[in-house]
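Colleague: Let me see the structure of the following:
(chains A, B, C and D)
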There are 4 protein chains.
Amino acid sequence: MVGELLVLGISGSPRTGNTEILVKEALNAVKEFTSNIITKYVSLSDLEINHCTGCFGCTANSKTDVYCTIFHDDMNKLYPLLEKCKGLIIGAPVYFGDLNSKMKAFIDRTEPFVRYGKSPHAGALRNKIGAGIANAYNRNGGIETTLMSIHHFFFIHDMIVVGTGPDLTPGCYLGGAGVTYPKRSINKKAVLDDELGIKSARIIGRRVAELCQMIYLR
Amino acid sequence: MVGELLVLGISGSPRTGNTEILVKEALNAVKEFTSNIITKYVSLSDLEINHCTGCFGCTANSKTDVYCTIFHDDMNKLYPLLEKCKGLIIGAPVYFGDLNSKMKAFIDRTEPFVRYGKSPHAGALRNKIGAGIANAYNRNGGIETTLMSIHHFFFIHDMIVVGTGPDLTPGCYLGGAGVTYPKRSINKKAVLDDELGIKSARIIGRRVAELCQMIYLR
Amino acid sequence: MVGELLVLGISGSPRTGNTEILVKEALNAVKEFTSNIITKYVSLSDLEINHCTGCFGCTANSKTDVYCTIFHDDMNKLYPLLEKCKGLIIGAPVYFGDLNSKMKAFIDRTEPFVRYGKSPHAGALRNKIGAGIANAYNRNGGIETTLMSIHHFFFIHDMIVVGTGPDLTPGCYLGGAGVTYPKRSINKKAVLDDELGIKSARIIGRRVAELCQMIYLR
Amino acid sequence: MVGELLVLGISGSPRTGNTEILVKEALNAVKEFTSNIITKYVSLSDLEINHCTGCFGCTANSKTDVYCTIFHDDMNKLYPLLEKCKGLIIGAPVYFGDLNSKMKAFIDRTEPFVRYGKSPHAGALRNKIGAGIANAYNRNGGIETTLMSIHHFFFIHDMIVVGTGPDLTPGCYLGGAGVTYPKRSINKKAVLDDELGIKSARIIGRRVAELCQMIYLR
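Modeller: Now for the predicted structure:
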């Protein structure tokens, strides 16, 4: 199974920089844990992702090459990656105490995968390993709530959810947690000064890799 | 001050129907409480609201007729309403355990009002009364978490947050809470069968009106 | 009304030290805001507070000098204070991502005040101002979730909830937020090194005072 | 390994009845899924569990027959069960929007198992499967927030967290969710009328069994 198992890391930030750094750190930790996992990084920044209209067309769809029945946008590039991966790391910048709207648009558009649908894609994320990363300017301004929103998304897809793993991380148990303060988050490398944050991202990556090995690589 | 005080109700749903019904019920209860308050209903469904890019241009802006420095979309219609209102009722359909992405896009774009900015609009929502309404297909599938996300937005703007008021409401203390099950949420009037939900929306409206009177109408 | 309005600050910590420091800082900020408010600090550390048994006896009670019908413990000292105060600041150390069990025991025992009860004490906390403070060893290990738990308690009692007020506080919008790391929380003065935390506690105190003035002192 | 793997179900309710019913339903579903798992039900109702004093003595302890260094109460019966089990189902009645204080007291006292400690018991819950059940009178009065509090506890112990599994459950994705309304929760069998709630408890049990099989029974 060498080289076949995919862990996907997605940054929802409209910008390059801090959230990207954290997600890539997590993916690096995945690769360092085992060479049996390949990783792929995706940024939503340049992708066109329309807001779900709540039409439920996707859950009634019966064609394997169709996901969303309304929009033909960049989600069509992401659906096959989501189906292929066994581990999914969602990284979001914290905007108003929650994940940014672009990431939420992505999440809302995963409706074709919900288990109760009749689509051939229903249940595609079931039993996959999920972990979250949040990056914020404010130390306690929404990191935990953003991670819980990511978890909710995972639970709705029947995913298996893990937090930061076995090592000491005085920071966040729910997932990776980066803080850019005292630098502004507009500074693209601000999170590099946050030792705890970088460490938490690496730990969350390793934790996803551990679970992939425990469940899928034996 | 008769007829001058505005309570604004916003539905984030991409559709007409259930969330709209709940927000309008809340606004009706506002009007029934006192004739000294006028109300306005806004639906985001047909509005163009781009995703905030996190540029912080708005917080550095110094012009009174400028809010967002990047996009010239329908948020420009909403900013003056937000500045004028004294009460704000945010209604969102629950998508993946949280508010839908269109509503989140709206929230993210209120950055010109954050208090730490240098914009003439900074602090525009301060001390206004905020209350939330959530509508879901699933009885326990994200109503509470959606309301808490709405509250977080309120707190970031220094708003005064209230839940459901003095009457019995075996349902939700955090805000209005409608459930469409057993009908699908695609049914535009499904929530009308949810007596508790309709009642909770009316109570949250009255509660906002009470606070407006307590703080602004005496 | 000079000197008559009471803001009550309660620390749920089983220990003296960090949470106590934060709650007292908040109360100091209340007093500095106006001399028309008196404050009182209460620590739960040495109080006997039994777990609510869920009997609902208190909500059916009709005697004014009775609150809980089961236990005659130190809650009887706290009930009259809760009835008297107009502002309530709840401070809790974060244990396992939420408020500590002693504070939760206190919260559960406020059932005599719930509005749907028939007790003469029903609704006693209605329209009072509530704000939360959390102190943790871990930077992102439950401060936000603890504050949301405190808010939930406030909402259930129809209280008016505020977060950190008008000043810049890169930390937490939901309430006061202290972090003891890198010192252990066993160090009773560790939070004094957390400039943001101390500041957030002072801001939350002033915010409660502002609302008390806005609603009760005019 | 037949008959050796233990799934432990704990009800935090001070009463027998609704939460007990839900936890036992979950354990029944575990047994129906496979005969390779044994289950044990524990009620906290009659157990003496003191509030953690935050002394951190347990994390510095080096003796295998010692857990808490302060109290010698009924937690000593529970620690070995927690160490033995591979799946843990935590059921709590919702009190004031969160788990009841007795359950929180139990959670706070699991400090000997935290991974950063030096105790021989450190990390005892690592990689075990966790799932939550909440029971409430109010339909949307804290079920989701209670389940998230339970999850936080699981994440802090490095557990693997699952929600309701593959079957349709219009109710709650985060875990089992029972509602006693319109009957009062004082009615010990009220939740039996909640078809969704009972079903969600059974699904959460089966989901824990599935994960135990996936990770520990092959």
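Colleague: CA atoms for contacts and neighbours, from now on please.
Modeller: Will do.
Colleague: in stretch A:67-81, what counts as buried?
Modeller: By 16 or more other Cα atoms under 10 Å in any protein chain shown, the buried positions in stretch A:67-81 come out as A:67, A:68, A:75, A:78, A:79, A:81.
Colleague: Ok, stretch A:197-206 next?
Modeller: Buried residues in stretch A:197-206 (16+ other Cα under 10 Å): A:197, A:198, A:199, A:200, A:201, A:202, A:203, A:204, A:205, A:206.
Colleague: mind checking the SS state of the last one?
Modeller: Read that as residue A:206. When classified by DSSP: H, G, I helix; E, B strand; the rest coil, residue A:206 comes out as helix.
Colleague: ok, it to residue D:152 distance?
Modeller: Here residue A:206 is placed at a distance of 20 Å from residue D:152 (Cα to Cα, to the nearest Å).
Colleague: Give me the neighbour count for residue A:194.
Modeller: When neighbours are counted by other Cα atoms under 10 Å in any protein chain shown, residue A:194 registers 17.
Colleague: pLDDT at the closest residue to residue A:113 other than its chain neighbours, what is it?
Modeller: Distances taken as Cα to Cα, 6 or more residues apart in numbering or on different chains place residue A:122 nearest to residue A:113, at 4.3 Å, with adjacent residues excluded. Predicted confidence (pLDDT) for residue A:122: 94.
Colleague: quick one: contacts for residue A:122?
Modeller: Neighbouring residues of residue A:122 by Cα atoms under 8 Å, 6 or more residues apart in numbering or on different chains: A:59, A:112, A:113, A:114, A:115, A:116.
Colleague: With chain C as the reference, measure out to the third one.
Modeller: The reference is to residue A:113. Noted for residue A:113: a distance of 29 Å to chain C, by Cα to the nearest Cα, to the nearest Å.
Colleague: Looks like that residue contacts residue A:153 (just checking).
Modeller: No - Residue A:113 lies out of contact with residue A:153 (Cα atoms under 8 Å); the separation is 11.4 Å.
Colleague: Does anything pack onto the helix or strand harbouring residue A:130? Which helices or strands?
Modeller: When elements are assigned from DSSP states H and E, residue A:130 belongs to strand A:129-136. In terms of contacts (3 or more Cα pairs under 8 Å, 6 or more residues apart in numbering or on different chains; DSSP states H and E), strand A:129-136 is packed against helix A:18-33, strand A:87-95, helix A:143-156, strand A:160-161, strand A:176-179, helix A:195-216.
Colleague: Need the phi and psi values for residue A:122.
Modeller: phi -60, psi 140 (degrees, to the nearest 10).
Colleague: looking at chain A, which helix or strand does the model trust least?
Modeller: Of all helical and strand segments in chain A, the minimum by mean pLDDT, DSSP states H and E falls on helix A:57-60, at a mean of 93.
Colleague: any residue of it up close to chain D?
Modeller: No - using Cα under 8 Å from any Cα of the partner chain, helix A:57-60 stays clear of chain D, coming no nearer than 13.4 Å.
Colleague: Show me which positions of that helix end up buried.
Modeller: Using 16+ other Cα under 10 Å as the test for burial, helix A:57-60 gives A:57, A:58, A:59.
Colleague: Quick check: which helices or strands does that helix pack against?
Modeller: With 3+ Cα pairs under 8 Å, 6+ apart as the test, helix A:57-60 has no helix or strand packed against it.
Colleague: Write out the residues of chain A neighbouring chain D.
Modeller: Going by Cα under 8 Å from any Cα, the residues of chain A near chain D are A:115-116, A:123, A:126, A:148, A:152, A:155-156, A:158-168, A:173-174, A:214-215.
Colleague: again, only using 6 Å
Modeller: Within reach of chain D by Cα under 6 Å from any Cα of the partner chain, chain A has these residues: A:116, A:155, A:156, A:158, A:160, A:161, A:162, A:163, A:165, A:168, A:173.
Colleague: Give me the neighbour count for residue A:14.
Modeller: 23.
Colleague: Residue A:45 is in contact with that one, correct?
Modeller: Yes - applying Cα atoms under 6 Å, one finds residue A:14 in contact with residue A:45, separated by 4.3 Å.
Colleague: sorry, back to before: residues in contact with the least confident helix or strand of chain A?
Modeller: For helix A:57-60, contacts defined as Cα atoms under 6 Å, 6 or more residues apart in numbering or on different chains pick out A:67, A:68, A:69, A:112, A:117, A:118, A:119.
Colleague: With adjacent residues omitted, what lies nearest to residue A:215?
Modeller: residue D:215 (6.0 Å).
Colleague: what's the neighbour count on that neighbour?
Modeller: Residue D:215 - counted by other Cα under 10 Å - has 17 other residues nearby.
Colleague: middle-most residue in chain A, spatially?
Modeller: residue A:90 (1.4 Å; Cα atoms, centre = their mean).
Colleague: and that residue, what are its bridge partners?
Modeller: Residue A:90 has these beta-bridge partners by DSSP bridges: residue A:10, residue A:132.
Colleague: separation between it and residue D:165?
Modeller: From residue A:90 across to residue D:165, the span is 21 Å (Cα to Cα).
Colleague: cool, and residue A:80?
Modeller: On the measure of Cα to Cα, residue A:80 and residue D:165 end up 23 Å apart.
Colleague: now do residue A:116
Modeller: Look at residue A:116 and residue D:165: by Cα to Cα, they are 11 Å apart.
Colleague: Have a look at those two and say which one is more surrounded.
Modeller: Each of residue A:116 and residue D:165 has its neighbours counted (other Cα under 10 Å); residue D:165 has more, 27 against 17.
Colleague: Model confidence for residue A:185, exactly?
Modeller: For residue A:185, the predicted pLDDT is 81.
Colleague: what are the phi and psi values for the residue lying closest to it once chain neighbours are set aside?
Modeller: Nearest residue to residue A:185, sequence neighbours excluded (Cα to Cα, 6+ apart): residue A:137, at 5.5 Å. The phi and psi values for residue A:137, taken as degrees, to the nearest 10, are phi -70, psi -50.
Colleague: can I assume residue A:137 is in contact with residue A:179?
Modeller: Yes - using Cα under 6 Å, residue A:137 makes contact with residue A:179 at a distance of 5.5 Å.
Colleague: that older thread, could you tell me how many residues sit around the residue nearest to residue A:185?
Modeller: Counted with other Cα under 10 Å, the neighbours of residue A:137 add up to 24.
Colleague: Next up, the contacts around the nearest residue to residue A:182 once chain neighbours are set aside.
Modeller: Spatial nearest neighbour of residue A:182, excluding adjacent residues (Cα to Cα, 6+ apart): residue A:137 at 7.8 Å. Applying Cα under 6 Å, 6+ apart, one finds that residue A:137 lies in contact with A:179, A:180, A:181, A:185.
Colleague: In those, which residue is surrounded by the most others?
Modeller: residue A:179 (31 neighbours).
Colleague: who's it bridged to?
Modeller: Going by DSSP bridges, residue A:179 is paired in beta bridges with residue A:136.
Colleague: Residue A:202 and residue D:33, how far apart?
Modeller: Separation of residue A:202 from residue D:33 (Cα to Cα): 36 Å.
Colleague: and chain A, which of its residues are near chain B?
Modeller: Taking Cα under 6 Å from any Cα as the test, the list of chain A residues beside chain B reads A:14, A:53, A:96, A:97, A:101, A:104, A:105, A:152, A:153.
Colleague: low-scoring stretches of chain A, by residue?
Modeller: Along chain A, segments meeting pLDDT under 70 span A:1-3, A:166-169.
Colleague: Mind doing that once more with 50?
Modeller: Residue ranges of chain A with pLDDT under 50: A:1-2.
Colleague: Find the nearest non-adjacent residue to residue A:192, please.
Modeller: residue A:198 (6.8 Å).
Colleague: same check, this time on residue A:139
Modeller: That would be residue C:171: by Cα to Cα, 6+ apart, it lies 4.7 Å from residue A:139.
Colleague: what sits against the nearest residue to residue A:205 once chain neighbours are set aside?
Modeller: Closest residue to residue A:205 apart from its sequence neighbours, by Cα to Cα, 6+ apart: residue A:26 at 4.1 Å. Shown in contact with residue A:26 (Cα under 6 Å, 6+ apart): A:201, A:202, A:205.
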